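J.: Here is the input, now give the coordinates:
(one chain, ligands or ions: 2)
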Amino acid sequence: MRQQVQEFFDLPLQEKKRWAQKPGSLEGYGQAFVTSEEQKLEWNDMIFLKTLPLQDRSLNFWPENPQEFRKTLESYSEDMRNAAVSIVRFITMGLGLEAQKFGDTYKEGMYQIRMNCYPPCPEPERVIGLNPHADISGITLLLECGDMPGLQVLKDEHWVNVEPVNGAMVVNLGHVMEIISNGNYKAPDHRAVVNNSKQRLSIVTFCYPNSSVDIGPAEKLIKPGSPPVYKTLTNAEYFHSFNNRKLEDSFIDSLKI
Ligand SMILES: O=C(O)CCC(=O)C(=O)O
Ligand SMILES: [Fe+2]
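T.: Ligands and ions are numbered 1, 2, ... in the order given. Below is the predicted model:
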């Protein structure tokens, strides 16, 4: 997958634009989402694709160049799904929940992939690769494509580098998992910075449970003395709240009871 993504971003702009985002749609090749006029502009080229379930795929945004791209992405999304099912089992087991049941909701889950390319920048302090945010997924699986650090996580009010480890994936928690855990786990704020010497690529898979599953604190975690911290929403309500959020407010806070 890394090879295919590298070859895709190495193509001339005109060729990449064959899979460009269309107005009103997030999918396809383009620049990162601009959500506010005040935001620092992002030094980032990316392609965003829905990979699973199969009926969510819009193949008109799936590059056919490089030649093996689509085939590789098909099998990569299967691999990410299998990894997500296992990882969610372990995470929910750690919370004392029905691990098999929660893992199973990711078998027919929703998967989206975002491939980021951060070119070197002559003045890296003046731009940002990706603005600070927390993911809204259940979990996010991030694959680095080289040894150039760029991902940073906010820990105790400081930005800390997440150093790339060859052959390893970074597992991040998103708001869905934060809600299921009733706030025992937090979706951390993170961002990507750029450097002045080397391009960096990342392949990021956002994993969500099946859309028929409500998003709310796990019943087992609700007891006397431990009330639900978040509302329970249907999948559709969750995405509706996100798409209609007030940009100046924290999304996760808006879901608190
Ligand atoms: O490129 C990175 O390391 C961060 C990517 C990321 O956080 C995202 O795509 O949501
Ligand atoms: Fe992220």
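
J.: which residue is nearest the middle of the chain?
T.: Against the mean C-alpha coordinate of the chain, by Cα atoms, centre = their mean, the closest residue is Phe206 at 3.8 Å.

J.: which element is that one on?
T.: For Phe206, the enclosing helix or strand under DSSP states H and E is strand 200-208.

J.: now swap in Asp249 and tell me
T.: Counting by DSSP H and E, there is no helix or strand that carries Asp249.

J.: Check what pLDDT it gets.
T.: The predicted local distance difference test score for Asp249 is 85.

J.: Could you give the bridge partners of the residue nearest to the centre of the chain?
T.: Here Phe206 shows beta-bridge partners Gln112, Thr140, assigned using DSSP bridges.

J.: okay but it is in contact with Ile113, surely?
T.: Yes: here Phe206 lies in contact with Ile113, judged by Cβ atoms under 8 Å, at a distance of 7.5 Å. Where you see a C-beta, it was placed from the backbone N, CA and C, and this is true even at glycine.

J.: Ligand 1 contacts on the stretch 51-200 of the chain?
T.: For the stretch 51-200 of the chain, the residues in contact with ligand 1 under the definition Cβ under 6 Å from any ligand atom are 114, 116, 130, 135, 142, 150-151, 190, 192.

J.: Packing partners of the helix or strand containing Glu237?
T.: Using DSSP H and E, the element containing Glu237 is helix 235-243. Using 3 or more Cβ pairs under 8 Å, 6 or more residues apart in numbering; DSSP states H and E as the contact criterion, the secondary-structure elements in contact with helix 235-243 are helix 251-254.

J.: ok so, going back, of all the residues of the stretch 51-200 of the chain next to ligand 1, which comes closest to Met169?
T.: Out of these, the one with the shortest distance to Met169 is Leu142. That distance is 6.4 Å, counting by Cβ to Cβ.

J.: Check which element follows the worst-scoring helix or strand of the chain on mean pLDDT along the chain.
T.: Of the helices and strands making up the chain, the lowest-confidence element is strand 28-31, at a mean of 88, by mean pLDDT, DSSP states H and E. Next in sequence after strand 28-31, counting helices and strands by DSSP H and E, comes strand 45-52.

J.: count of residues packed around the spatially closest residue to Met1 that is not a sequence neighbour?
T.: Once its chain neighbours are removed from consideration, Met1 has its nearest residue in Tyr76; the separation is 4.5 Å (Cβ to Cβ, 6 or more residues apart in numbering). For Tyr76, the neighbour count with other Cβ atoms under 10 Å is 19.

J.: do Gly94 as well
T.: 12.

J.: And for the one 4 residues further on?
T.: When neighbours are counted by other Cβ under 10 Å, Glu98 registers 15.

J.: Mind pulling the model confidence for it?
T.: The model reports Glu98 with a pLDDT of 97.

J.: Repeat that for His158.
T.: 97.

J.: got the phi/psi numbers for it?
T.: Geometry field for His158 lists phi and psi as phi -120, psi 150, criterion degrees, to the nearest 10.

J.: Can you check my assumption that Asn131 lies in a strand?
T.: Yes: residue assignment for Asn131, taken from DSSP: H, G, I helix; E, B strand; the rest coil, places it within a strand.

J.: I'd assumed Asp189 was in contact with it.
T.: No: contact status for Asn131 versus Asp189: not in contact, 10.1 Å apart, counting by Cβ under 8 Å.

J.: Could you check which of these two is surrounded by more residues?
T.: More neighbours sit around Asn131 than around the other of Asn131 and Asp189, counting by other Cβ under 10 Å; the figures are 17 against 14.
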